[in-house]
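Student: Next one to model:
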Amino acid sequence: MKIKEGFLLRQVGGNNVVVPVGAQSVDFRCLITLNEVGAFLWQKLAEDCTVESLVEALLGEYDVTAAIATADVERFVASLREKNLLDE
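Tutor: Down below sits the predicted model:
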């Protein structure tokens, strides 16, 4: 899975904001801001990856348990799926 074409992560006023571009900007009607961990995972999803590889990346970058990393990744991916932001 990876982020669909037409969505970029930008820093706006110190916040991580997902910005739709091109055709996506016509249909996408919400604002998504991400915390530091969300932005980290978003950047990993620029390339095709799995939930497992996202968990491993989170464990390598942050001092967090595997259980918390897994729960956070699953919740983040579910949110992206709900907003139809993933190509799978």
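Student: outside of stretch 68-88, which residues touch it?
Tutor: 1-5, 7, 18, 30, 32, 37-38, 41, 45, 51, 54-55, 58-59, 62, 64 (CB atoms under 8 Å, 6 or more residues apart in numbering). (Glycine included, C-beta is placed from N, CA and C.)
Student: Filter these down to the ones in helices?
Tutor: Within the contacts of stretch 68-88, membership in helices is found for 37-38, 41, 51, 54-55, 58-59, as judged by DSSP state H.
Student: Could you work out the most separated pair of those?
Tutor: Greatest spatial distance among these (CB to CB): 38 and 59, at 16.2 Å.
Student: Could you report the separation of the most centrally placed residue in the chain from residue 63?
Tutor: For the chain, the residue nearest the mean C-alpha position is residue 42 (3.0 Å; CA atoms, centre = their mean). Between residue 42 and residue 63 the computed distance is 20 Å (CB to CB, to the nearest Å).
Student: which outside residues touch stretch 1-9?
Tutor: 16-25, 28, 34, 39, 42-43, 45-50, 77, 80, 84-88.
Student: angle of the helix ranked longest in the chain against helix 51-61?
Tutor: With secondary structure taken from DSSP H, the chain has its longest helix at helix 66-82. Interaxial angle of helix 66-82 relative to helix 51-61 (axes from the mean of the first three to the mean of the last three CA atoms, to 10 degrees): 130 degrees.
Student: mind saving the C-alpha coords of helix 66-82 as PDB?
Tutor: Only the C-alpha atoms of helix 66-82 are listed here, as PDB (Å, rounded to 0.1, in the frame of the first residue of the first chain):
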ATOM      1  CA  ALA A  66       5.900  -3.200  19.600                       C
ATOM      2  CA  ALA A  67       2.300  -3.400  20.900                       C
ATOM      3  CA  ILE A  68       1.900   0.400  20.900                       C
ATOM      4  CA  ALA A  69       3.700   0.700  17.500                       C
ATOM      5  CA  THR A  70       1.400  -1.900  16.000                       C
ATOM      6  CA  ALA A  71      -1.800  -0.300  17.400                       C
ATOM      7  CA  ASP A  72      -0.700   3.200  16.300                       C
ATOM      8  CA  VAL A  73       0.100   2.000  12.700                       C
ATOM      9  CA  GLU A  74      -3.100   0.100  12.400                       C
ATOM     10  CA  ARG A  75      -5.200   3.100  13.600                       C
ATOM     11  CA  PHE A  76      -3.300   5.400  11.200                       C
ATOM     12  CA  VAL A  77      -3.700   3.100   8.200                       C
ATOM     13  CA  ALA A  78      -7.400   2.600   9.100                       C
ATOM     14  CA  SER A  79      -7.900   6.400   9.100                       C
ATOM     15  CA  LEU A  80      -6.200   6.700   5.700                       C
ATOM     16  CA  ARG A  81      -8.400   3.900   4.300                       C
ATOM     17  CA  GLU A  82     -11.500   5.600   5.700                       C
END
